[in-house]
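Asks: After the sequence you'll find the predicted model.
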Amino acid sequence: MLIVTKTEIFPTICEKKYGVQFGFNTLPNDFLINMKKLYGGIEFVIQNQSITLNGGLFVLLEDLLALVGLHGFKMGFKHAKSPCFLCTIANENMATTSSLHEIDLRTIDTYQEQCVEIETTNNRTMRDALSKQNGIVQKSLLCGLPGFNIFEQSALDVAHVYGICRKHLKLLFLSLSDKKVLSLRAINNAILNYDYPTYESTPSDTFDLTTLKQAQISLSASQMLTVVKYLPCILSNIKPDIWSNDEWRCLLLLHELLFFCFASEVDEISISQYGDLLTLFSNIRCSIRAGEKNSQKTFQFTFVKSIFSFGTSTLLQHSSFERKHQAIKASGRRNFVNTAFTAITSYIDRECSTLFDDNGNPTIINFGPKIETKKLKTVDVGMCSASVKH
């Protein structure tokens, strides 16, 4: 993990054995100290003028397991008592949960009380039991940051829908094959031979579904999303009556959910409709495979909360960073093994070079927001009122 501020870089990447030896909690100490200073205000002198800037940590985005570990929760999707750190749903109740309203989301106040109870319990056996019951190993390192709520400001990466798509595509293809609707070979050829737009990330020539019963679908995240996006057209071309298949209905709902996840903008009505659509998807899923425990289901429901807090999920995904910095990572010769550090330092060097000229003077005089004034077109209000009435 690499923590970056405006003036400093805190690399917290180390081998596990050193983290165990010296303690993982000591790694981000400098970052936490500086973030507290930033919240109180840091003074800068620019062109003989003193400016005080205040700031804080707004949103935290990491890989899901890394996020869980950083916040001190027990990790694990299949075997953990509570597989999602954002809610308190138990593993045994996942199979019957089909609505966002059935999930009890964690709150910071209850979490703080649970941490105090665990920390102040002297009996080792009782402390371990409380830790297991609440799914908490230790208190989050970021709880001490002013103005930061680990539940309200920890965003879920939308790229995790890749795993959801992969599972449901496999279920669909095997269902069509077992019911003699379409063979795996026919589906494979239809996907490979479809005329995709040139800008899409398409399946490679090595894509093969004939061994699907023994293996997973061999598609990258971007290729998977492309296939799900165009699959309704692909399969309906070769099997027009495919609509009666229940797995196919699930895929169509997943198709709509994906369009929402990767939308450029959302509003409150759309978010509400997303929750209703997700409930319908879960109900059909449960009717097809009763008793199935799916840890990804909790991610889908808690993901709605992330959208409520931060808006469109396309702004909060790792793939945007990976795609944007591919050239920088590929050119990292000095530190090629540590590509994360190379990418960050190269990016900061490039951005800083645009702020100063060759003599070291700032190229931007006004660091405040730029306000642009536009003259609006004159409108006849009477004509507008008449048009609305008609």
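Replies: All right, it came through fine.

Asks: buried sites along stretch 131-148?
Replies: 131, 134-136, 139-142, 145, 148 (16 or more other Cβ atoms under 10 Å). In short, each C-beta sits where N, CA and C put it, glycine included.

Asks: Need the distance between the two termini of that stretch.
Replies: 23 Å (Cα to Cα, to the nearest Å).

Asks: Numbering from 771 from now on, please.
Replies: From this message on, residue numbering opens at 771, which makes the last subject stretch 901-918.

Asks: circling back to that earlier point, closest to residue 1053 out of the buried residues of stretch 901-918?
Replies: residue 905 (27.0 Å; Cβ to Cβ).

Asks: Correct me if wrong: that closest one contacts residue 841.
Replies: No: the pair residue 905 / residue 841 is not scored as a contact, 10.5 Å apart, by Cβ atoms under 8 Å.

Asks: shared neighbours of those two, which are they?
Replies: Both residue 905 and residue 841 are contacted by residue 855, under the criterion Cβ atoms under 8 Å, 6 or more residues apart in numbering.

Asks: ok, and what's touching stretch 834-843?
Replies: Residues contacting stretch 834-843 (Cβ under 8 Å, 6+ apart): 771, 830, 832, 844-845, 855, 905-912, 920, 924, 926-927, 930, 1069.

Asks: whoops, stretch 998-1009 was the one
Replies: Against stretch 998-1009 from outside (Cβ under 8 Å, 6+ apart): 935, 939, 951-952, 956-957, 960-961, 964, 966, 970, 997, 1012-1013, 1018, 1021-1022, 1024-1025, 1028.

Asks: what residues does stretch 981-990 touch?
Replies: The contact list for stretch 981-990, computed with Cβ under 8 Å, 6+ apart, reads 936, 939-940, 943-944, 947, 954, 971, 973, 976-979, 994, 997.

Asks: Residue 1074 contacts residue 1048, doesn't it?
Replies: Yes: here residue 1074 reaches residue 1048: they are 7.0 Å apart, a contact under Cβ under 8 Å.

Asks: and those two? which has more neighbours close in?
Replies: residue 1048 (23 against 18; other Cβ atoms under 10 Å).

Asks: Helix or strand for that one, just tell me which one.
Replies: Using DSSP states H and E, residue 1048 maps to helix 1038-1058.

Asks: buried stuff in that helix?
Replies: 1044-1045, 1048-1052, 1054-1056.

Asks: Turn those residues into a markdown table, columns for pLDDT and distance to residue 988.
Replies: Formatted as a markdown table, the buried residues of helix 1038-1058 follow (pLDDT from 0 to 100; distance: Cβ to Cβ, whole Å):
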| residue | pLDDT | distance to residue 988 |
| --- | --- | --- |
| 1044 | 78 | 30 |
| 1045 | 76 | 33 |
| 1048 | 78 | 28 |
| 1049 | 78 | 32 |
| 1050 | 81 | 30 |
| 1051 | 79 | 25 |
| 1052 | 76 | 28 |
| 1054 | 77 | 27 |
| 1055 | 75 | 24 |
| 1056 | 72 | 29 |
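
Asks: Which two among those residues are spaced furthest apart?
Replies: 1044 and 1056 (18.6 Å).

Asks: ok, of the buried residues of helix 1038-1058, which one's closest to residue 885?
Replies: So of the buried residues of helix 1038-1058, ranked by how close each gets to residue 885 (Cβ to Cβ), first place is residue 1045, at 30.2 Å.

Asks: Would you confirm that the closest one contacts residue 1074?
Replies: Yes: under the criterion of Cβ under 8 Å, residue 1045 makes contact with residue 1074 at 5.4 Å.

Asks: So residue 957 lies in a helix, does it not?
Replies: Yes: under DSSP: H, G, I helix; E, B strand; the rest coil, residue 957 falls within a helix.
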